[in-house]
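Participant: pasting a predicted model and its sequence here:
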Amino acid sequence: MTRIPPTRPPTGAIGTLLSAGFLYLIAALNLIVLSGIFKIYYNLVITGLSIGAAFIIGTIEILGILTTEVHLNGGFWDLRANFNINLAGFCIAGLFIIVWAVALTY
């Protein structure tokens, strides 16, 4: 029966290279895991923003139809009749750009 000599931990330059490689591997894995989590949060925020924008635009359109078809009058309905949907679209587009810019810097 042959005897296997005990192994020793690497020393000197090899130990340093292995340690640096190990630290690099840990940093790379952390970046992959964290970037995956950041992608999930970014997708959730963009999806929520899209749902909110669709809800706002849909509500504005339904109120506009109600105003003209049912002939509603009053302060709120006059305000709705004078509402600028193009301005709302620019505001929503600006909000998407701001969220995108914050995500790139984060």
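Facilitator: Yes, it's here.

Participant: for I57, give me its contacts.
Facilitator: Going by C-beta atoms under 8 Å, 6 or more residues apart in numbering, I57 touches I85, A88, G89, I92. Quick note: C-beta positions are derived from backbone N, CA and C, even for glycine.

Participant: quick one: these as TSV, columns for distance to N73 too.
Facilitator: Converted to TSV, these look like this (distance: C-beta to C-beta, whole Å):
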residue	distance to N73
I85	20
A88	22
G89	26
I92	28
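
Participant: low-confidence ranges, this structure, go.
Facilitator: Counting by pLDDT under 70, the chain contains low-confidence ranges at 1-25, 27-34, 104, 106.

Participant: distance of the nearest residue to A103 once chain neighbours are set aside relative to C91?
Facilitator: Once flanking residues are discounted, A103 sits nearest to Y42: 5.1 Å by C-beta to C-beta, 6 or more residues apart in numbering. To C91, Y42 is 21 Å away according to C-beta to C-beta, to the nearest Å.

Participant: neighbour-wise, which of those two wins?
Facilitator: Counted by other C-beta atoms under 10 Å, Y42 and C91 do not tie: Y42 has more neighbours, with 17 against 11.

Participant: how much space between that one and G94?
Facilitator: From Y42 to G94 the distance is 18 Å (C-beta to C-beta).
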